[in-house]
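Q: Any chance you could fold what I've pasted below:
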Amino acid sequence: MQEVEVKGMRSLEYGRAMLWAALGAVFIACYYQTFLWLNYKYSAAESYFSHGYLIPLISAYLIYQRRDEIARTELSGSRFGLAVILAALIIHLFGVLSNVNFISAFSMILFLAGCSLYLLGRAVTRKIAFPLFYLVFMCPIPDAFINTVALPSKSAATAIALKIIDLIGIPYIQEGFRIVLVHSAYIVGAPCNGMRSIISFLALGVLFLYIIRSSLWKKLMFLAAIPFIAVFLNGIRIAILLFVAHRYGQEAASPESYLHDGSGLLVFFVGLVLMMIASRYINEDKKS
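A: Numbering: from 1, shown residues only. This next block holds a predicted model:
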């Protein structure tokens, strides 16, 4: 009797492994072109989504952290997962036929959620719901939306920068996004619109809010403050570049200069520190 039970368990495990392999093959076959598109968006010059490579690794680590809790949860596959998988493939097909790649990217997350429901069950899927949701931040937002948001973001950052150089006493003439200084001119281009900072800070901010314990209103205020922090820091960055262009010439602050790239990294690290301080402040589970 015990031998029959063992064989039954092995047969069940073998069947589940075959299902995993079959769904994995379907996933790779269907989303291969989407992977190539994601790689292109992440690696493109002046990409807003270069952090996309890290998102699956972070999600995988979050699941790994809960491995003991998941191991204690009974596996009970849900047939509803098949419906979710089918819906994901239909959405993916729509994205392919309409040549809208970001739809395919989002459907990929829905596909993985369906696989989790079908093979692992609702209980396990609830435990890994946030890591699955976090994959949203690996999906590039459509350029049309970014361009719509980028213009007011760049305008606000430029206004902040001009206020700062006014205080310093640097004379200038503003011609739209072209700032004419005494001996040089600086154009506030697309890389200075602050969208890269906003997108990466939002991804980090949501991760911080998952880790800490705080009330909902505090978390919402934290998230709402992130775009303003990003724009303000970007304004300071533009002011620094204008100051350098005024003192040392236009080439010293050009997009090809080390200062231009280095100031972008500085904005990221300062923003990261500010978010860490803010998240620690609103964390209700911190040690006194």
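
Q: just the helices in the stretch 1-150 of the chain please.
A: For the stretch 1-150 of the chain, applying DSSP state H, counting those that start in this stretch gives helices covering 2-43, 54-65, 67-71, 80-97, 101-119, 122-127, 129-134, 143-168.

Q: residues in contact with residue 95?
A: 101-104, 107 (C-beta atoms under 8 Å, 6 or more residues apart in numbering). In this view, the C-beta of every residue, glycine as well, is placed from N, C-alpha and C.

Q: Out of these, which two sit at the greatest distance?
A: Farthest pair in the contacts of residue 95 (C-beta to C-beta) is 101 and 107. Separation: 10.6 Å.

Q: More neighbours: the two, which one.
A: Per other C-beta atoms under 10 Å, whichever of residue 101 and residue 107 has more neighbours is residue 107, with 24 against 20.

Q: looking at it, that one is touching residue 88, isn't it?
A: Yes - with contacts counted by C-beta atoms under 8 Å, residue 107 reaches residue 88, the gap being 4.6 Å.

Q: so what sits against both of those two?
A: Joint contacts of residue 107 and residue 88 (C-beta under 8 Å, 6+ apart) do not exist.

Q: show me the contacts for residue 53.
A: Applying C-beta under 8 Å, 6+ apart, the residues near residue 53 are residue 42.

Q: Name the nearest residue to the residue nearest to the spatial centre of the chain, sequence neighbours excluded.
A: For the chain, the residue nearest the mean C-alpha position is residue 137 (3.2 Å; C-alpha atoms, centre = their mean). Distances taken as C-beta to C-beta, 6 or more residues apart in numbering put residue 203 closest to residue 137, at 4.1 Å, once the chain neighbours are dropped.

Q: close enough to count as contact, that neighbour and residue 55?
A: Yes - the pair residue 203 / residue 55 is scored as a contact, 7.0 Å apart, by C-beta under 8 Å.

Q: Check the gap between residue 174 and residue 263 for me.
A: According to C-beta to C-beta, to the nearest Å, residue 174 and residue 263 sit 20 Å apart.

Q: nope, residue 90 is what I meant
A: Counting by C-beta to C-beta, the separation of residue 90 from residue 263 is 45 Å.

Q: who has more neighbours, these two?
A: Just comparing residue 90 and residue 263: by other C-beta under 10 Å the higher neighbour count belongs to residue 263, 21 against 11.

Q: right, and the more buried one touches residue 241 too?
A: Yes - with contact defined as C-beta under 8 Å, residue 263 counts as touching residue 241 (6.4 Å).

Q: what's the overlap in contacts for those two?
A: Common neighbours of residue 263 and residue 241 are not found (criterion: C-beta under 8 Å, 6+ apart).

Q: Quickly name whichever of the contacts of residue 95 is closest to residue 146.
A: Residue 146 lies nearest to residue 102 out of the contacts of residue 95, by C-beta to C-beta, at 11.0 Å.

Q: Check which helices and strands whatever helix or strand residue 208 lives in sits against.
A: For residue 208, the element it lies in under DSSP states H and E is helix 195-211. If you count contacts as 3 or more C-beta pairs under 8 Å, 6 or more residues apart in numbering; DSSP states H and E, helix 195-211 packs onto helix 54-65, helix 129-134, helix 143-168, helix 216-248, helix 258-282.

Q: possible to save the ones you listed as TSV with distance to residue 21 and mean pLDDT?
A: TSV is the format used below for these (distance: least, C-beta to C-beta, whole Å; pLDDT from 0 to 100):
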stretch	distance to residue 21	mean pLDDT
helix 54-65	19	94
helix 129-134	20	95
helix 143-168	37	87
helix 216-248	39	88
helix 258-282	40	83
